[in-house]
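*Asks:* Kindly generate the corresponding structure for this input.
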Amino acid sequence: MRRPLVLAGVLLLAGCGDDAAVSGGGGDRPQLVVSAAAALEPPLSACAEDFEDATLTLRFGGADALAAEIRGEEPVDVLATGSKPARALAQAGKLSQPVVFAKRQAATYAAGVVRRSERPDAAEAFVDDLLAGGCHDALVAAGFDEPR
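*Replies:* Here you go, the predicted model:
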């Protein structure tokens, strides 16, 4: 009898996915979906609640999976990943010109607004926050270097 209940619980948890909706409160803000490199999870999760322009849903993964989301029909507004995949997506017309916002060891991270975003103003505000706002501060606190 216990096996069906355990299996049902596992299946229920498996359906939850890796999306994390984060809100700093406040009513009529747009929903913004940010797909980001897994290495950025701690600092982006830390700063997302304080982002005032939108309620953020954060998705984390590897570069190939994130690029597939952008090439496909996944609803994504901002991509924050390695600079090479970001540049390739921009050259393919899928992403605005990516902006380098952090470095760590040999990795360089860039962000851009996904061309099909329905909330480009809020998406651009988040990219700006990576460069000079609360997310920038969280990146530095997590040991990421500023781009030079």
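*Asks:* If you count neighbours, what's buried in stretch 110-120?
*Replies:* By 16 or more other CB atoms under 10 Å, the buried positions in stretch 110-120 come out as 110-114, 117, 119. Yep, even glycine has a C-beta here, placed from its N, CA and C like the rest.
*Asks:* whoops, stretch 118-134 was the one
*Replies:* Buried residues in stretch 118-134 (16+ other CB under 10 Å): 119, 122-131, 133-134.
*Asks:* Apart from its chain neighbours, what residue comes closest to residue 50?
*Replies:* residue 134 (4.8 Å; CB to CB, 6 or more residues apart in numbering).
*Asks:* Then residue 62?
*Replies:* Leaving aside its sequence neighbours, residue 62 sits nearest to residue 38 (CB to CB, 6+ apart; 6.5 Å).
*Asks:* Next: residue 111.
*Replies:* Excluding its sequence neighbours, the residue lying closest to residue 111 (CB to CB, 6+ apart) is residue 80, at 4.1 Å.
*Asks:* ditto for residue 145
*Replies:* Nearest non-adjacent residue to residue 145, counting by CB to CB, 6+ apart: residue 103, 4.5 Å away.
*Asks:* Would you mind measuring from residue 77 to residue 146?
*Replies:* Separation of residue 77 from residue 146 (CB to CB, to the nearest Å): 24 Å.
*Asks:* So for the two, which sits in the more crowded spot?
*Replies:* Using other CB atoms under 10 Å, the more surrounded residue of residue 77 and residue 146 is residue 77, with 25 against 12.
*Asks:* Now that one: phi and psi?
*Replies:* Backbone torsions of residue 77, given as degrees, to the nearest 10, read phi -110, psi -40.
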